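[1] next input, structure requested:
(one chain, ligands or ions: 3)
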Amino acid sequence: MSVLEIRDLHVTVGEGDDAKEILRGVDLTVRSGETHAIMGPNGSGKSTLAYSIAGHPKYTITGGTVTLDGEDVLAMSVDERARAGLFLAMQYPVEVPGVSVSNFLRTAATAVKGEAPKLRTWVKDVKSEMDLLEMDPAFAERNVNEGFSGGEKKRHEILQMRLLKPRIAVLDETDSGLDVDALRVVSEGVNRTREEGEVGVLLITHYTRILRYITPDFVHVFVNGRVVDEGGKELADKLENEGYAAYVKDSKETA
Ligand code: ADP
Ligand code: MG
Ligand code: MG
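    Ligands and ions are numbered 1, 2, ... in the order given. Take a look at the predicted model:
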């Protein structure tokens, strides 16, 4: 049983006079076995939240706490966060020249687990996960992110999550024009992980589209750098019908 707790998190980007507060007091708790969707308009700070949890150097934490089972996540290096059981898709480099997917995954698994996975079971696991994600076996020999399509990037991300078996996974659905097929296999990968029980998922999304495939236990509406409403899966349906307009108006009045 794990719990990720975010308390009154304040984050700025930029420096000096250009510094701008993007997260303005975020509170959120994600436990193992729960799937949370964070939904909000473009520019509301959703990716900033993901990057801040991941420890991206561009984002400055100016207040609040993030803990995993009571341990201070903000004090951890990016590698330590992964070893602690946090999976953040964007914690790995965008492109890794000359490193194959297969080697990259094994190196990541070794770093997370503290020892290299046994080669025979590892090769079998990678193959079966790739099959489930409908990935061509040749993909394993390609260089990481080199010329990957949006769908391939997402599949690779889910493949990493499947193999690293995190306690809490933060997935930023960048809504980058995934086709329906990619959306379906990605969702199935997330759902398989959920069925196995122990993971907590924080799924960040702008559109309600992916929530037709992944049913969240909790929905948080994110506007202007904070959570402004919370509910169950029915809140996603409401957002699909009504959009964010009512929340955006409210948030301007109280900003
Ligand atoms: P979302 O993911 O909800 O669309 P983002 O977190 O990407 O929102 O962005 C929120 C705000 O922060 C935007 O106004 C964006 O321009 C700004 N922002 C995010 N990252 C950076 C950055 N690295 N440098 C400057 N501004 C940034
Ligand atoms: Mg505050
Ligand atoms: Mg974003």
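[2] going forward, measure contacts between C-alpha atoms and count neighbours the same way
    Noted.
[3] gap between the nearest residue to residue 139 once chain neighbours are set aside and ligand 1?
    Spatially, and ignoring its direct neighbours in sequence, residue 139 is nearest to residue 101 (7.3 Å; CA to CA, 6 or more residues apart in numbering). The gap separating residue 101 from ligand 1 is 27 Å, by CA to the nearest ligand atom, to the nearest Å.
[4] next up, the contacts around residue 101.
    139, 140, 141, 142, 143, 144 (CA atoms under 8 Å, 6 or more residues apart in numbering).
[5] for these, which one is nearest residue 72?
    Nearest to residue 72 out of those is residue 144 (CA to CA; 30.5 Å).
[6] where exactly do the helices run in the stretch 151-255 of the chain?
    Assigned by DSSP state H, counting those that start in this stretch, the helices in the stretch 151-255 of the chain fall at 180-195, 234-242, 245-254.
[7] ok now stretch 129-144, how far from the chain's centre?
    Stretch 129-144 sits 21 Å away from the centroid of its parent chain (CA atoms, centre = their mean, to the nearest Å).
[8] ok, stretch 195-202 next?
    13 Å.
[9] is it positioned near ligand 1?
    No. If you take CA under 6 Å from any ligand atom as the test, stretch 195-202 misses ligand 1, and the best it gets is 13.7 Å.
[10] now what about that stretch, what contacts it?
    1-3, 30-38, 165-171, 193-194.
[11] ok, now stretch 44-63?
    Contact with stretch 44-63 is made by 8-14, 22-23, 38-40, 66, 73-74, 77-78, 81, 88, 90-91, 170-172, 204-205, 222-225, as judged by CA under 8 Å, 6+ apart.
[12] go on, stretch 117-135?
    Outside stretch 117-135, the residues that touch it by CA under 8 Å, 6+ apart are 106, 109, 110, 136, 137, 155, 159, 162, 163, 185, 186, 189.
[13] out of those residues, what pair is the most spread apart?
    Counting by CA to CA, the most remote pair of the contacts of stretch 117-135 is 110 and 185, 25.9 Å apart.
[14] what about ligand 1: which of the contacts of stretch 44-63 touch it?
    Applying CA under 6 Å from any ligand atom to these, those adjacent to ligand 1 are 13, 14, 22.
[15] pull the contacting residues for the first one.
    If a contact means CA under 8 Å, 6+ apart, then residue 13 has 19, 20, 21, 22, 58, 59, 60 as its contacts.
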